[in-house]
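# the sequence isn't on hand, but the structure is:
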């Protein structure tokens, strides 16, 4: 039988978690549980830190930061707190991403959103993995401009998602995508802002944060729970604004990368 990692510490921490849930009840904002858990742990002599900052690296380049909800005993355990109807596979996938970044021994996904406390233990089984994985090659899109370049970009985006996993902010995935494009010797520029005009009048600049690849394809890398049609409409507006024919929406939120090709006139 495999040894349970940090058995005594886990038992003590779970006691605090159950007490917090019993005292506060479910469905409060997450910050209340975070603070209460820290108070409970410290009362038991368990060292912890909330919102501990870690740098996120991709191919050796820092691409953003991640903040641990509760960092316990110097990384023996990290707590990922949720207020949701139930613990979902995506929550566990995010915790695995955080184990990669922090190198903690163990993650505990804790849900305060249900009638009873829910928790899932995830030992660090990704420790030492440094190579960027190779995803299955993307199928070349049909009936779009620049199909070869589009395929190369999609392969880059898949590599980023496989290496980092879900659970980070937009800027992490944008930064990592640009690192991967550079690794593959694919030219790009970063468009932070775009001018907005109406009937020839300059209305000012709007934050854009798009990657223009080889001066041909606009790439929007982001992480949102709901990827609705408004995002495609927004990218289509940017295509018109920059006089480009094809854009790629890459949503890194889920356990699987969600890619959509957007034409200036139609969506594929």
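Sure, I can see it. Bear in mind the structure is a predicted one, so any value in this text is a computation, not a measurement. Residues are numbered from 1 along each chain as shown.

# where does pLDDT dip in this structure?
1-3, 128-133, 266-268 (pLDDT under 70).

# mind listing the strands for it?
48-58, 61-72, 77-82, 106-111, 118-123, 188-198, 201-213, 217-222, 246-251, 258-263 (DSSP state E).

# partner strands of the second one and their direction?
Spelled out, it's strand 61-72. Partner strands and pairing direction for strand 61-72 (DSSP bridges) are strand 48-58 (antiparallel), strand 77-82 (antiparallel).

# need the strands of the chain in CSV (columns: mean neighbour count and distance to residue 148).
The C-beta positions use only the backbone N, C-alpha and C, and glycine is treated the same way. Output for those, formatted as CSV (neighbours: other CB atoms under 10 Å; distance: least, CB to CB, whole Å):
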stretch, mean neighbour count, distance to residue 148
strand 48-58, 17, 24
strand 61-72, 19, 26
strand 77-82, 24, 40
strand 106-111, 24, 40
strand 118-123, 17, 39
strand 188-198, 13, 16
strand 201-213, 14, 12
strand 217-222, 23, 11
strand 246-251, 24, 12
strand 258-263, 18, 14
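
# out of the ones you listed, which comes closest to residue 154?
strand 258-263 (5.8 Å; CB to CB).

# tell me what that closest one is packed against?
helix 147-164, helix 229-242, strand 246-251 (3 or more CB pairs under 8 Å, 6 or more residues apart in numbering; DSSP states H and E).

# closest to residue 141 out of the strands of the chain?
strand 258-263 (5.7 Å).

# who's in contact with that closest one?
141, 144, 150, 154, 157, 227, 232, 235-236, 239, 245-251, 267-268 (CB atoms under 8 Å, 6 or more residues apart in numbering).

# again, 10 Å this time
138, 141, 143-145, 147, 150, 153-154, 157-158, 161, 217-220, 223-224, 227, 229, 231-236, 238-239, 244-252, 267-268 (CB atoms under 10 Å, 6 or more residues apart in numbering).

# same deal with stretch 20-34?
Contacts of stretch 20-34 (CB under 10 Å, 6+ apart): 17, 35-41, 50-51, 69-70, 79, 81-85, 110-119.

# isn't residue 98 up against residue 75?
No - Residue 98 is beyond contact range of residue 75, at 11.3 Å (criterion: CB atoms under 10 Å).

# next, show the common contact partners of these two.
68, 104, 124.

# quick check, nearest of the residues you listed to residue 194?
residue 68 (35.0 Å).

# the closest one against residue 103, yeah?
No - counting by CB under 10 Å, residue 68 stays clear of residue 103, with 11.6 Å between them.

# which neighbours do those two share?
Taking CB under 10 Å, 6+ apart as the contact rule, residue 68 and residue 103 both touch 54, 75, 78.

# can you add distance to residue 192 and give those residues back as JSON lines?
JSON lines is the format used below for these (distance: CB to CB, whole Å):
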{"residue": "54", "distance to residue 192": "25"}
{"residue": "75", "distance to residue 192": "35"}
{"residue": "78", "distance to residue 192": "33"}
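
# in contact with the closest residue to residue 167 other than its chain neighbours, which residues?
Excluding its sequence neighbours, the residue lying closest to residue 167 (CB to CB, 6 or more residues apart in numbering) is residue 94, at 3.1 Å. The contact partners of residue 94, by CB under 10 Å, 6+ apart, come to 80, 82, 88, 107, 109, 165-168, 253-255.

# and what of residue 112?
Counting by CB under 10 Å, 6+ apart, residue 112 has contacts 17, 20-21, 24-30, 32-34, 36-37, 81-84, 118-119.

# what about it, distance to residue 31?
11 Å (CB to CB, to the nearest Å).

# which one's more surrounded, residue 98 and residue 75?
residue 98 (24 against 15; other CB atoms under 10 Å).

# tally of neighbours for the residue nearest to residue 115 when sequence neighbours are not counted?
Residue nearest to residue 115 in three dimensions, not counting chain neighbours: residue 26, with 6.4 Å by CB to CB, 6+ apart. Counted with other CB under 10 Å, residues neighbouring residue 26 total 15.

# pipe the strands paired with strand 61-72 into CSV and attach distance to residue 260 per row.
Below are these laid out as CSV (distance: least, CB to CB, whole Å):
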stretch, distance to residue 260
strand 48-58, 23
strand 77-82, 27
